[in-house]
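Participant: Predicted structure and sequence below. I'll ask about it afterward.
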Amino acid sequence: MSKAKASIILGVTGSIAAYKACEIINILRKNEIDVDVLLTKEAEKFITPLTLQTLSGNKVVTDMFELPTEWNPVHTSLAQKADLILIAPATANVIGKLACGICDDILTCVVLASKAPVLIAPAMHVNMYKNKIVQANIAKLKEAGYKFIGPVKGHLACGCDDIGHIAGVKDIVAEAKRLLVRRSKHAKAE
């Protein structure tokens with residue numbers, strides 16, 4: 001495979017939709033996009049680092065305090081490498097942390113240390129998504145320039161069909177690619 005055109009950090013959080021990360025990685029890689037995966041501790045309950053490492057071709061980072069093989073703090077080096085940060089699926093927990101500037105794991109640290117655009121694909125129970133606090137956190141992040149895709153109406157883990165289902169993988173990848181092109185054009189104009 002030729003050299004990747006762009007670099008995406010994919011943050012995977014503790015949602016049943018974590019398995020969708022596999023398909024996202026496959027499509028991004030087919031588009032010659034380099035993917036580094038950050039996996040929260042909660043996400044490890046749904047999907048393994050080995051699976052995501054095998055698909056991405058890059059070491060999956062789960063621990064903010066893991067000793068680097070070379071002197072290069074992981075959270076800042078990844079933050080600088082990213083052309084885009086994609087969080088899919090994004091839980092109410094990680095959305096709340098980002099909205100409040102809390103960085104207590106590798107994902108939130110990288111997001112807050114990066115100047116790259118951030119695309120968030122929420123996935124959660126309908127009542128959580130519609131909760132006024134979650135909606136206020138989403139509004140706060142949008143005001144700060146974060147982009148969102150979904151959620152959509154679909155079958156949820158609780159058995160109901162309602163809003164809260166992660167957006168379609170192809171839609172998420174298309175939006176990520178659109179943001180990469182937009183960033184590339186903006187960088188060339190400067």
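Facilitator: Yep, it's here. Numbers count the residues shown, from 1 in each chain.

Participant: C-alpha from now on. contacts and neighbour counts both.
Facilitator: Noted.

Participant: residues in contact with whichever strand or helix holds Thr54?
Facilitator: Using DSSP states H and E, Thr54 falls within helix 49-56. If you take C-alpha atoms under 8 Å, 6 or more residues apart in numbering as the criterion, helix 49-56 is touched by 21-22, 25-26, 29, 34-37, 39, 59-62.

Participant: Report the buried members of those.
Facilitator: 21-22, 25-26, 29, 34-37, 39, 60-62 (16 or more other C-alpha atoms under 10 Å).

Participant: Quick one: the helices in this protein, in order.
Facilitator: 20-30, 49-56, 74-81, 92-100, 106-113, 126-130, 132-143, 169-189 (DSSP state H).

Participant: Which of the ones you listed has the lowest mean pLDDT?
Facilitator: Mean pLDDT values for these show the minimum at helix 74-81, a mean of 72.

Participant: Out of the contacts of helix 49-56, flag the one nearest to Asp161.
Facilitator: Closest approach to Asp161 among the contacts of helix 49-56 (C-alpha to C-alpha): Ala21, at 21.5 Å.

Participant: and the closest one, how far is that from Gly101?
Facilitator: To Gly101, Ala21 is 25 Å away according to C-alpha to C-alpha, to the nearest Å.

Participant: Same question for Gln53.
Facilitator: Counting by C-alpha to C-alpha - Gln53 and Gly101 are separated by 28 Å.

Participant: Need the contact partners of stretch 87-98.
Facilitator: 10-15, 17-18, 20-21, 103, 108, 112, 118-124, 128-129, 134, 137-138, 141, 166.

Participant: likewise stretch 155-173?
Facilitator: 16-17, 20, 23-24, 27-28, 88-89, 121-126, 129, 149-154.

Participant: With adjacent residues omitted, what lies nearest to the spatially most central residue of the chain?
Facilitator: In the chain, the centroid-proximal residue (C-alpha atoms, centre = their mean) is Ile87; its distance is 1.5 Å. Spatial nearest neighbour of Ile87, chain neighbours left out: Gly11 (4.4 Å); criterion: C-alpha to C-alpha, 6 or more residues apart in numbering.

Participant: Give the burial count for Leu179, as a bare number.
Facilitator: Neighbour count of Leu179, defined by other C-alpha atoms under 10 Å: 18.

Participant: What are the neighbouring residues in contact with it?
Facilitator: Residues near Leu179 by C-alpha under 8 Å, 6+ apart: 84, 117.
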